[in-house]
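Peer 1: Return a 3D structure for these sequence lines:
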Amino acid sequence: MEGYPSYKVAIAHVSPVFLDTPATVAKACSIIEEAARHGAQLVAFPETYVPAFPLWSALQAPIYSHNFFLRLARSALRIPGPELERVARIARGAQVFVSLGINEGTAASVGCLWNANVLIGDDGAILNHHRKLVPTFYEKLTWANGDGAGLRVSETRLGRVGMLICGENTNPLARYALMAQGEQLHIASYPPLWPTRDPRTAGANYDLADAIRIRAAAHSFEAKCFTLVAAGYLDPASREVLLACGPEAGRLMDESPRGASMAIDPTGKPLGGVMCETEGILYADIDLAACVEPKQFHDITGGYNRFDVFRLTVNRAANRPISFADTMPAEGDAAASLGSPAAAYRRDSVTPEEPPGVQAKPPSAA
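Peer 2: Down below sits the predicted model:
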């Protein structure tokens, strides 16, 4: 990267084709191409955009959700896999970067899923693959714990790009791990809504849009970086499917606070508008030169910190259920021989130079 690049980004405040992976991937590809035609250099999608966020866990008891989970598990993506290969081809053809939230499956188990996010480069290569460290509240009914392998910042022509998923943006240690790698552009993905209680009962419901604004502003202000928030959108077709959760499901969805998509500058202020109640693409102009002046005031990964007093150690090993003593490639590595940029990604790769204040343990042999 030379100097401080400026460019346009696109935030996709959109719904999936609920629990339909091929159709959702096709919609994502169409959005990428549309954003590229409008000059966007990066397109950010919501949390687990492909093929859905499991809202049913908030709307009914888990003993009634087995069929929803089965459909989600059947629709989960593998990394690498044909669905991501298709997105990678579109990204390469349009020469844009893509941040995509997915439900990730594994050959090691037909019932293990992760809430994952991938950053795809403008050459189609997967630059980073992050699994949400800890599913939040009722999300634990769907997803397994992730690991630290994706707590890394990618060096790109757009600057140094990092990403966290939803509630991880409340985790100061996870956020600092990215800040200390020189993060300049932070991507935060969220669901379309996140019910925490019946809106008609006593006590305030969790205001997702307000929580998003607080987190995004705090991270941008502390890191002196830009933050892109991509929240999902609940469209009528998705709502119709979720009505199967019971007679109160529609009311709970309609009365629960929505997620909001936005861009935040390095001072913590919004860049342009906010999308919440309508589906669409939000554009913002980024100028990384704006990250410099605030660093003169509070550079917490530089001169405004005491690395002799504070020390953070991050384990970036990619957890695996088993290790073998032979020389066969680990899960996900065999496809590297396919020759495509997305297939060449190794999730257990290590960044050669570690940032000040952060010690990253090397991956285990597993």
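
Peer 1: contacting residues around the closest residue to residue 59 other than its chain neighbours?
Peer 2: For residue 59, ignoring the flanking residues on the chain, the nearest one in space by CB to CB, 6 or more residues apart in numbering is residue 245 at 3.9 Å. Just so you know, the C-beta spots here come from the backbone N, C-alpha and C atoms, and that holds for glycine as well. Going by CB atoms under 8 Å, 6 or more residues apart in numbering, residue 245 touches 56, 59-60, 64.

Peer 1: Residue 35 now?
Peer 2: 10, 12, 43, 96, 281, 283.

Peer 1: okay, now the closest residue to residue 94 other than its chain neighbours: neighbour count?
Peer 2: With CB to CB, 6+ apart as the criterion, residue 94 has its nearest non-adjacent residue at 3.7 Å, and that residue is residue 36. As a burial measure, residue 36 scores 19 neighbours (other CB atoms under 10 Å).

Peer 1: likewise residue 95?
Peer 2: Other residues lying near residue 95 total 12 when counted by other CB under 10 Å.

Peer 1: What of residue 322?
Peer 2: 8.

Peer 1: I'd like to know how far it sits from residue 227.
Peer 2: Distance of residue 322 to residue 227, given as CB to CB, to the nearest Å: 38 Å.

Peer 1: ok, which stretches of the stretch 1-150 of the chain are helices?
Peer 2: Under the criterion DSSP state H, counting those that start in this stretch, the stretch 1-150 of the chain contains helices at 21-37, 56-59, 66-75, 82-94.

Peer 1: hey, which of the ones you listed is tucked in deepest?
Peer 2: Greatest average neighbour count among the helices of the stretch 1-150 of the chain goes to helix 56-59 (a mean of 23), per mean count of other CB atoms under 10 Å.

Peer 1: Only alpha carbons, please: show that helix as PDB.
Peer 2: C-alpha atoms of helix 56-59 as PDB (Å, rounded to 0.1, in the frame of the first residue of the first chain):
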ATOM      1  CA  TRP A  56     -36.000 -19.200  15.100                       C
ATOM      2  CA  SER A  57     -33.900 -19.700  18.200                       C
ATOM      3  CA  ALA A  58     -35.300 -16.400  19.600                       C
ATOM      4  CA  LEU A  59     -38.900 -17.200  18.600                       C
END
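
Peer 1: Can you name every helix or strand that the host helix or strand of residue 212 contacts?
Peer 2: In this structure, residue 212 sits in helix 208-223 according to DSSP states H and E. Helix 208-223 is packed against helix 172-179, strand 185-190, strand 226-231, strand 262-264, with contacts defined by 3 or more CB pairs under 8 Å, 6 or more residues apart in numbering; DSSP states H and E.

Peer 1: Same list, those, but as CSV with distance to residue 315 please.
Peer 2: CSV is the format used below for the helices and strands packed on helix 208-223 (distance: least, CB to CB, whole Å):
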stretch, distance to residue 315
helix 172-179, 11
strand 185-190, 21
strand 226-231, 25
strand 262-264, 29
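
Peer 1: how far away is the residue nearest to residue 94 from residue 13?
Peer 2: 17 Å.

Peer 1: quick one, strands of the stretch 101-250 of the chain?
Peer 2: Assigned by DSSP state E, counting those that start in this stretch, the stretch 101-250 of the chain shows strands spanning 109-120, 126-131, 154-156, 159-165, 185-190, 226-231.

Peer 1: Surely residue 150 and residue 132 touch.
Peer 2: No - using CB atoms under 8 Å, residue 150 makes no contact with residue 132, being 9.1 Å away.

Peer 1: Now list whatever residues contact both of the two.
Peer 2: Shared contacts of residue 150 and residue 132, defined by CB under 8 Å, 6+ apart, are found at residue 117.
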